[in-house]
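In: predicted model and sequence below, questions to follow.
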Amino acid sequence: MRTVYSVSEARTASKNARETGMKVGFVPTMGALHSGHMSLVHRAHTECDYVVVSIFVNPTQFGPGEDFDRYPRTLDQDLEKCRSAGVDLVFVPSASEMYPPGFDSWVEVKGLITETLEGSFRPGHFRGVATVCAKLFNIVAPQRAYFGMKDYQQLKVIQKMVRDLDMPIDIIPCETVREADGLAMSSRNSYLDFEERRAATVLSRALNAASDAFEAGQKDATALEEVARGLIKAEPLASIDYVAIRDAESLEPIQVVDKTAVLLLAVRIGTTRLIDNCLIGPNVNI
Ligand code: PAF
């Protein structure tokens, strides 16, 4: 495994692999790697010949007062995990490598898809995500890039950016990986103390309760949201940012779940903000 720190080394290593006929798979991360990230790496391995992981805590996707400074940074362990998983190239740029003095170009995916939900609670977040992903895609030039469905809105934004800008990359959505008690894996789970960790299972319990209600015949989106909201409200350590059922592609609000929809949650457990989601609809297997 090679670890590189500069844009030019990353570009050259990936280009060399492609030029020998290898299919390049890319997993962008902010580090603090857990089994969710590693599932993306394993999937990339099964479908590609050369696997690139980036580790970069991207400052431009954090708003003022968010957790940029305390975001977990565990580079040594991350590199060890990548090595054990057979990653070929790890790109670990500094902030000044990605955003040198004079940097002034941004990728903005416009419209409801970035303005709603996470976009309304975290203004500017998706501009930072889209910009860094566009830069990373330009540097690594992979044929495939792997994104977890846990960050569902991010996945939809990246798919739209790639479509709109004709980037020659297949975006591969990968299932959310969960702890045994249902909590979706997230680097931010490390912020939770013992009691909060217990309370955090309310997100997956709320998703399951709404899915069960759908399976039992409830198709009304507001009623299904209420099922999830009721469970979360009963958890004293939890406070809701949003509980929303949306069209699974456009993220437009819907009234009736008569085709594939997504139930998205953002919930604060103490001071830790967690998100989760599940698909819900007639053709979704739960
Ligand atoms: O999902 C993440 O970890 C980040 O948003 C990403 C895609 C690596 C961009 O910084």
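Out: Good, I have the coordinates.

In: buried ones in stretch 24-43?
Out: 24-34, 36-43 (16 or more other C-beta atoms under 10 Å). Backbone N, C-alpha and C define where each C-beta goes, glycine included.

In: now narrow those residues to whatever sits close to the ligand.
Out: For the ligand, the contacts drawn from the buried residues of stretch 24-43 by C-beta under 6 Å from any ligand atom are 28-30.

In: which one of these sits closest to D258?
Out: Nearest to D258 out of these is P28 (C-beta to C-beta; 34.7 Å).

In: what residues are up against that closest one?
Out: P28 is in contact with 53-54, 56, 132-133, 136, 145, 147, counting by C-beta atoms under 8 Å, 6 or more residues apart in numbering.

In: am I right that it is in a strand?
Out: Yes: counting by DSSP: H, G, I helix; E, B strand; the rest coil, P28 is found in a strand.

In: all helices of the stretch 151-286 of the chain, in order?
Out: For the stretch 151-286 of the chain, the helices defined by DSSP state H, counting those that start in this stretch occupy 152-164, 194-199, 202-215, 221-233.

In: quick one: distance of the first one to the chain centre.
Out: If you compare the mean C-alpha spot of helix 152-164 with that of the full chain, they lie 11 Å apart, counting by C-alpha atoms, centre = their mean, to the nearest Å.

In: which strands or helices does that helix pack on?
Out: In terms of contacts (3 or more C-beta pairs under 8 Å, 6 or more residues apart in numbering; DSSP states H and E), helix 152-164 is packed against helix 112-115, helix 118-121, helix 125-140, strand 144-148, strand 170-174, strand 261-269.

In: nearest to the ligand, out of the ones you listed?
Out: Across the helices and strands packed on helix 152-164, the ligand has its closest neighbour in helix 125-140 (4.8 Å, C-beta to the nearest ligand atom).

In: can I get the closest one in PDB? Just the C-alpha atoms.
Out: Provided in PDB are the C-alpha atoms of helix 125-140 (Å, rounded to 0.1, in the frame of the first residue of the first chain):
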ATOM      1  CA  HIS A 125     -22.600  21.800   3.800                       C
ATOM      2  CA  PHE A 126     -23.300  20.400   0.400                       C
ATOM      3  CA  ARG A 127     -21.300  23.100  -1.400                       C
ATOM      4  CA  GLY A 128     -18.300  21.900   0.600                       C
ATOM      5  CA  VAL A 129     -19.100  18.200  -0.100                       C
ATOM      6  CA  ALA A 130     -19.700  18.700  -3.800                       C
ATOM      7  CA  THR A 131     -16.600  20.800  -4.200                       C
ATOM      8  CA  VAL A 132     -14.300  18.400  -2.400                       C
ATOM      9  CA  CYS A 133     -15.800  15.400  -4.200                       C
ATOM     10  CA  ALA A 134     -15.400  17.100  -7.600                       C
ATOM     11  CA  LYS A 135     -11.800  17.800  -6.700                       C
ATOM     12  CA  LEU A 136     -11.100  14.300  -5.500                       C
ATOM     13  CA  PHE A 137     -12.800  12.800  -8.600                       C
ATOM     14  CA  ASN A 138     -10.600  15.100 -10.800                       C
ATOM     15  CA  ILE A 139      -7.400  14.000  -9.000                       C
ATOM     16  CA  VAL A 140      -8.100  10.200  -8.700                       C
END
